Each structure stands twice: as C-alpha cells, then as structure tokens.
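Peer 1: next input, structure requested:
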Amino acid sequence: MLTHVARVYRLQHQLHAVERRSTLEGFNFPAFFGQNASEEQKPRSKAEIVGLLKSEGEAWASWLEGVSEDFLREEVTSSQAMPQPPRSRFEMLLSPKEHEMHHRGQLMLMQRMLGITPHLTRDMMARMEAARARG
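Peer 2: The predicted structure is shown next:
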C-alpha cells in the first residue's frame with residue numbers, strides 16, 4: 001500500500017505534465033493502470049519503500065510548485081466512454097492527495113486493529129499531557 005501511495009500521483013502527472021491533455025478521450029487507462037500496478041507490485045525493502053515515498057513525493061511537489069494559475073484553471077473534458085462534466089486541472093490535481101488520505105485512513109485503522117496507537121494520536125496525547133503539566 002505504501003508503494004501505491006508513493007506512485008498515486010502518476011496518472012495525473014501523465015495526463016497534465018507529460019501529455020498536457022485537454023481531453024481524456026483516447027487515453028488508454030487499462031494499459032496505464034496495468035503498467036503502474038506491475039511497478040507497484042515489485043518486491044521492495046523497507047528502505048526502498050521509504051526512499052520511494054521521499055523521491056516520488058519530492059518529484060510531484062516540485063512539478064506542482066512550477067505550475068501557473070492559468071494552467072490550473074484550464075478545463076479537461078472526459079471521454080465519451082465515461083462522460084462527466086469538464087473539470088479544471090486544479091480539481092483533477094487534488095485527486096492524488098485525496099487518494100493518499102484515503103489510504104492513510106486505512107493504515108491508521110490497521111494500526112488500531114493491531115493495538116498500535118497511530119503517530120498523530122500519540123503526538124496529540126503528548127501535547128495534551130504537556131499542557132496539563134504546565135497547569
């Protein structure tokens with residue numbers, strides 16, 4: 001799942017950075033997802049996964065920092081196979097973050113099911129304890 005999270009931006013990057021599409025018509029989604037899935041399923045060590053999270057996150061953030069507001073306002077139309085109203089690039093570029101948040105929630109649930117207190121909860125508990133100690 002962490003490898004998936006590291007690579008989740010790839011579709012939007014392909015559509016907007018590489019191909020700069022104004023329509024999704026003709027984009028081969030099955031081929032793209034198949035190739036991406038095979039890359040995600042490669043065996044990796046913990047260090048490799050952490051490195052992938054860092055490098056892919058930095059690559060995505062670096063590209064996003066360079067896009068203009070005009071670019072973000074541009075509309076992209078859907079395909080006839082899956083008709084939807086046009087969406088701005090900005091709306092579409094939010095989807096990797098939303099998808100990442102979905103998987104982070106899953107990971108937190110898994111931690112709780114295993115009896116592990118997630119780091120955000122531990123941090124909040126430490127802040128509350130420090131506040132109580134200050135009086």
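Peer 1: and the helices in the chain?
Peer 2: Counting by DSSP state H, residue ranges of the helices within the chain are 2-7, 10-12, 29-40, 46-65, 69-73, 89-113, 119-134.
Peer 1: let's have the ones you listed in JSON lines, adding mean pLDDT.
Peer 2: Formatted as JSON lines, the entries for the helices of the chain read as follows, by pLDDT from 0 to 100:
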{"stretch": "helix 2-7", "mean pLDDT": "94"}
{"stretch": "helix 10-12", "mean pLDDT": "96"}
{"stretch": "helix 29-40", "mean pLDDT": "93"}
{"stretch": "helix 46-65", "mean pLDDT": "97"}
{"stretch": "helix 69-73", "mean pLDDT": "98"}
{"stretch": "helix 89-113", "mean pLDDT": "95"}
{"stretch": "helix 119-134", "mean pLDDT": "94"}
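Peer 1: centre-most residue in the chain?
Peer 2: With distances taken as CA atoms, centre = their mean, residue 96 lies nearest the centre of the chain, 3.2 Å away.
Peer 1: mind checking how far it is from residue 75?
Peer 2: If you measure residue 96 against residue 75 using CB to CB, to the nearest Å, the figure is 19 Å. (Glycine included, C-beta is placed from N, CA and C.)
Peer 1: equivalent analysis for residue 69, please.
Peer 2: Between residue 69 and residue 75 the distance, using CB to CB, works out to 14 Å.
Peer 1: which one's more surrounded, those two?
Peer 2: Remark: of residue 69 and residue 75, residue 75 carries more neighbours, 13 against 7, as counted by other CB atoms under 10 Å.
Peer 1: which residues does the closest residue to the more buried one other than its chain neighbours contact?
Peer 2: If you skip the residues right next to it in sequence, residue 75 has residue 86 as its closest partner in space, 4.2 Å away by CB to CB, 6 or more residues apart in numbering. By CB atoms under 8 Å, 6 or more residues apart in numbering, the contact set of residue 86 is 75-78.
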